[in-house]
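Colleague: The sequence and its predicted three-dimensional model are supplied below.
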Amino acid sequence: MSSPHIKSAVVLAALTALDEGRTPERQVYREAVRTLLTALAERAPGRSVEVRVPPYGAVQCVPGPRHTRGTPPNVVEMTPDTWLALATGRLSWARAVTDGRVQVSGNRADLADHLPL
């Protein structure tokens, strides 16, 4: 957890709320998700995979063929709490996929090499 994004106050506030069994305030949750999605896009620049964390955000990342129209062929989708756990190393990619906490489609939709942030 050395990234400045992961140490940001909003990410820590969201993680603290989740650790206490509470749902973070909507604005805190949104900003934490977006902060970590931005960090992913910076770590794995590209446009071949779309990562979705509804209702708070989505980014395109990972080098490779660029998608321009319609539904992307490589999509990763998960809940905000799953995204925070993956991005901060509290949950492994393999476990999240095995447990069905992450929905993936496409042969490039594997973020294991880019997580945790």
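Modeller: Structure received. Residues are numbered from 1 along each chain as shown.

Colleague: C-alpha from now on. contacts and neighbour counts both.
Modeller: OK.

Colleague: Please name the nearest non-neighbouring residue to Pro72.
Modeller: Spatial nearest neighbour of Pro72, excluding adjacent residues (Cα to Cα, 6 or more residues apart in numbering): Glu50 at 6.9 Å.

Colleague: oh sorry, the question was meant for Asp81
Modeller: Leu18 (7.7 Å).

Colleague: Quick check: pLDDT value at that neighbour.
Modeller: Looking at Leu18, its pLDDT stands at 96.

Colleague: State whether it is indeed within a helix.
Modeller: Yes. Counting by DSSP: H, G, I helix; E, B strand; the rest coil, Leu18 falls inside a helix.

Colleague: From what I see, it and Tyr29 are in contact.
Modeller: No. Using Cα atoms under 8 Å, Leu18 makes no contact with Tyr29, being 10.0 Å away.

Colleague: So for the two, which residue has more residues nearby?
Modeller: Between Leu18 and Tyr29, Tyr29 has the larger neighbour count (other Cα atoms under 10 Å), namely 23 against 16.

Colleague: For the more buried one, report the pLDDT, please.
Modeller: Reading off the model, Tyr29 has pLDDT 96.

Colleague: Looks to me like it is in a helix.
Modeller: Yes. Per three-state DSSP, Tyr29 lies within a helix segment.

Colleague: Quickly note the distance from the residue lying closest to it once chain neighbours are set aside to Ser105.
Modeller: With Cα to Cα, 6+ apart as the criterion, Tyr29 has its nearest non-adjacent residue at 5.9 Å, and that residue is Ala14. Distance of Ala14 to Ser105, computed by Cα to Cα, to the nearest Å: 28 Å.

Colleague: Of these two, give the one with the bigger neighbour count.
Modeller: More neighbours surround Ala14 than the other of Ala14 and Ser105, with 25 against 15 (other Cα under 10 Å).

Colleague: That'll do, ta.
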